[in-house]
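Engineer: whatever this is, show me its structure:
(4 chains)
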Number of protein chains: 2
Amino acid sequence: MLSSSVSTDRSLPFSLDLRPRPETLRDLFTDRPTQAIGIGKAAFWEGDTASHVTLVIEGCLRLYRILPDGQRVIVGFAFKGEMLGLSSPHVYAYTAEAVTPVRLGRVAMSRFREIVDGSTVLRPQFLDLLCEEMREARRHMILVARLSADERIASFLLSAARRLGTDRDDRVVVDLPMQRLDIADHLGLTIETVCRVLSRHKRAGTIEFLERNKLVLRKMSTIRELAGWSDDDAGCYSPSRSRTADVVH
Amino acid sequence: MLSSSVSTDRSLPFSLDLRPRPETLRDLFTDRPTQAIGIGKAAFWEGDTASHVTLVIEGCLRLYRILPDGQRVIVGFAFKGEMLGLSSPHVYAYTAEAVTPVRLGRVAMSRFREIVDGSTVLRPQFLDLLCEEMREARRHMILVARLSADERIASFLLSAARRLGTDRDDRVVVDLPMQRLDIADHLGLTIETVCRVLSRHKRAGTIEFLERNKLVLRKMSTIRELAGWSDDDAGCYSPSRSRTADVVH
DNA sequence: CGTTATTTTGACCCATGTCAATACGGGTGG
DNA sequence: CCACCCGTATTGACATGGGTCAAAATAACG
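Structural biologist: This next block holds a predicted model:
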């Protein structure tokens, strides 16, 4: 275990590989030391100088901020294959803490920026990631701003299914590595509310527990319906739009 | 009125100006046609192909999405000097509608990206703007996710003061161009709650109305205290941190 | 097994939402 | 200049989703 290669899909048959031109942002992490982090330990802290870009090779982390009154806001979770610190040029915007044992790859921020800035092929990839992160942030903003507890949970289950689900026998099995309190702090609810909503689903037969953290989504349609908007990123609809505005100069 | 020059701070005394190398993103908008938009008209619509980057030369716009159930979520307001569409490479993420009469500058998306991508000086500026937008989105996410109505209003007043306030006689005068419903839809509250909180402030002497949309913040300290966290972007504190994690490879 | 962390359930409460009634203000036409 | 009207704002009375507090149940871990 713990082999260092991040195993990218470089397509060269023989890899002399003395720093070949990277073709993917992930390539920047190949053949670099990896770092293991135990449950509950932090990869970096909110407010610290953002020294590295981090790739999650294995495991799950919670990304959170602590408000002055002590509340913890989990702004997201990071899973295998995702990069952290892209949008933090100066200081980390959140603390990243291991939910499960985690293995990370790291590239110094300066080096990362330098290489990306120097590569015509990496630059647009980087921009796309930033924009994607932005979309995700907006989506979540709307979720916590306006959806009911039921809708938030449904939405969360859906996104979990999308990122983690294995589809066997047309039921989607999801293994949620994080605990209830994490979910609550992520959705802007209390742990009690999370439990109650999940229990209600269990009673209704919408979901079924294999173990505490492993559940089966039956009736995806019901869940999708509950979540409403939040599945399709496209947003909503386009009403009859009267082209407006007059060019004056 | 309606002179076309966006009046940047180019420091050359004589401007032969046959497309001089732009030094600021704003420079891209100089000597280009501007567009006037009347109150309530849209500059562009959520979901439309993102054809342009837009600079607000004058006025205020509300940026919103409509959820399938009809709710309107105002993700932000845009004021003089701000650019729209930076993080929308494909389709606009929101509708932009004039709150006041507005004058805009526009640059075709393809042209914008091309020039920025070709300029070593513009590229980092562009990235910084994206990251700033990201920070702002996260901040607002936390606001609607976790703050009470009082805190949200206080936070809103502070940011209004920062962006729009004129500081005369140590009281900050703020002219809020948008109506109550806009504020409500922005903060994830109802219009009634917005009114009640403002009235309470009025009674308490924290604020004072000159006209319906022009108000004076007395007691900034009180407001700042109410808003708590949300003024300092730095976030919070850095507890004693045990450096974690063991490098294994 | 005993001990402790996590989850679940129940009883109750409160901040905000909802519904409804006025009040205000700004524009228009007489 | 005034009277009226309509969109916006304000205030009040009441309802409720989800928070809070407390206790029980379940799982995790030596």
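Engineer: ok, A:Ala108 - how many residues close by?
Structural biologist: Residues near A:Ala108, counting by other C-beta atoms under 10 Å in any protein chain shown, number 11. For the C-beta atoms, the positions are set from N, CA and C on the backbone; glycine is no exception.
Engineer: quick one: what helix or strand has A:Asp185 in it?
Structural biologist: helix A:180-187 (DSSP states H and E).
Engineer: counting by contacts, list what that helix packs against.
Structural biologist: Packing partners of helix A:180-187 (3 or more C-beta pairs under 8 Å, 6 or more residues apart in numbering or on different chains; DSSP states H and E): strand A:61-66, strand A:72-78, helix A:149-164, helix A:191-204.
Engineer: ok, the shortest one near DNA strand C or not?
Structural biologist: Okay, so that is strand A:61-66. No: remark: strand A:61-66 sits outside contact range of DNA strand C, by C-beta under 7 Å from any atom of the strand, the gap being at least 12.4 Å.
Engineer: mind giving me the packing neighbours of that strand?
Structural biologist: By 3+ C-beta pairs under 8 Å, 6+ apart, strand A:61-66 packs against strand A:72-78, strand A:95-98, helix A:180-187.
Engineer: buried residues in the longest one?
Structural biologist: For helix A:180-187, the neighbour count (16 or more other C-beta atoms under 10 Å in any protein chain shown) marks A:Arg180, A:Asp182, A:Ile183, A:Ala184, A:Asp185, A:His186, A:Leu187 as buried.
Engineer: any part of it near DNA strand C?
Structural biologist: Yes: judged by C-beta under 7 Å from any atom of the strand, helix A:180-187 and DNA strand C are in contact via A:Arg180, A:Leu181.
Engineer: the inter-axis angle of that helix versus strand A:72-78?
Structural biologist: Taking axes from the mean of the first three to the mean of the last three C-alpha atoms, to 10 degrees, one finds helix A:180-187 and strand A:72-78 inclined to each other by 90 degrees.
Engineer: between the helix holding A:Asp185 and strand A:61-66, how big is the angle?
Structural biologist: Using the same axes, to 10 degrees, helix A:180-187 lies at 60 degrees relative to strand A:61-66.
Engineer: can you list contacts of helix A:180-187?
Structural biologist: A:62, A:64, A:71-77, A:99, A:143-144, A:149, A:152-153, A:156, A:176, A:178, A:189-191, A:193-195 (C-beta atoms under 8 Å, 6 or more residues apart in numbering or on different chains).
Engineer: from those, keep the buried residues only.
Structural biologist: A:62, A:64, A:71-77, A:99, A:143-144, A:149, A:152-153, A:156, A:176, A:178, A:189, A:193-194.
Engineer: contacts with DNA strand D among the residues you listed, please.
Structural biologist: Answer for the buried ones among the contacts of helix A:180-187 near DNA strand D (C-beta under 7 Å from any atom of the strand): A:Ala149, A:Leu189, A:Thr193.
Engineer: on that earlier part again, tabulate the buried residues of helix A:180-187 (CSV), appending pLDDT.
Structural biologist: Shown next, in CSV, are the buried residues of helix A:180-187 (pLDDT from 0 to 100):
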residue, pLDDT
A:Arg180, 97
A:Asp182, 98
A:Ile183, 98
A:Ala184, 98
A:Asp185, 98
A:His186, 98
A:Leu187, 98
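Engineer: for those, which one is nearest B:Glu114?
Structural biologist: Using C-beta to C-beta, A:His186 is the member of these that lies nearest B:Glu114, at 39.0 Å.
Engineer: which residues of chain A lie near DNA strand C?
Structural biologist: Residues of chain A lying close to DNA strand C (C-beta under 7 Å from any atom of the strand) are A:179-181, A:191-192, A:194-196, A:198-199, A:209, A:212-213.
Engineer: 6 Å - rerun?
Structural biologist: Proximity of chain A to DNA strand C (C-beta under 6 Å from any atom of the strand) is limited to residues A:Gln179, A:Arg180, A:Leu181, A:Ile191, A:Glu192, A:Cys195, A:Arg196, A:Leu198, A:Ser199, A:Arg212.
Engineer: now do the closest residue in space to the fourth one that isn't next to it in sequence against A:Ile207, distance only.
Structural biologist: This means A:Ile191. Leaving aside its chain neighbours, A:Ile191 sits nearest to A:Ala184 (4.5 Å; criterion: C-beta to C-beta, 6 or more residues apart in numbering or on different chains). For A:Ala184, the distance to A:Ile207 (C-beta to C-beta, to the nearest Å) stands at 17 Å.
Engineer: and for A:Gly70?
Structural biologist: With C-beta to C-beta as the criterion, A:Gly70 and A:Ile207 are 32 Å apart.
Engineer: between these two, who's got more neighbours?
Structural biologist: Shown here are A:Gly70 and A:Ile207; by other C-beta under 10 Å, A:Ile207 has more neighbours (23 against 7).
Engineer: for that one, what are its contacts?
Structural biologist: Residues in contact with A:Ile207 (C-beta under 8 Å, 6+ apart) are A:Leu157, A:Leu198, A:His201, A:Leu215, A:Val216, A:Leu217, A:Arg218, A:Ile223.
Engineer: kindly recompute the last result at 7 Å.
Structural biologist: A:His201, A:Leu215, A:Val216, A:Leu217, A:Arg218 (C-beta atoms under 7 Å, 6 or more residues apart in numbering or on different chains).
Engineer: so what's it closest to, chain neighbours aside?
Structural biologist: A:His201 (4.6 Å).
Engineer: now A:Ala108
Structural biologist: Once flanking residues are discounted, A:Ala108 sits nearest to A:His52: 5.8 Å by C-beta to C-beta, 6+ apart.
Engineer: how much space separates the one you found from DNA strand C?
Structural biologist: Going from A:His52 to DNA strand C by C-beta to the nearest atom of the strand, to the nearest Å gives 28 Å.
Engineer: and if you look at A:Met109?
Structural biologist: The value you get for A:Met109 to DNA strand C, if C-beta to the nearest atom of the strand is used, is 32 Å.
Engineer: correct me if wrong: that residue contacts A:Thr54.
Structural biologist: No: at 10.0 Å, A:Met109 does not count as touching A:Thr54 under the criterion of C-beta atoms under 7 Å.
Engineer: understood, closing this out.
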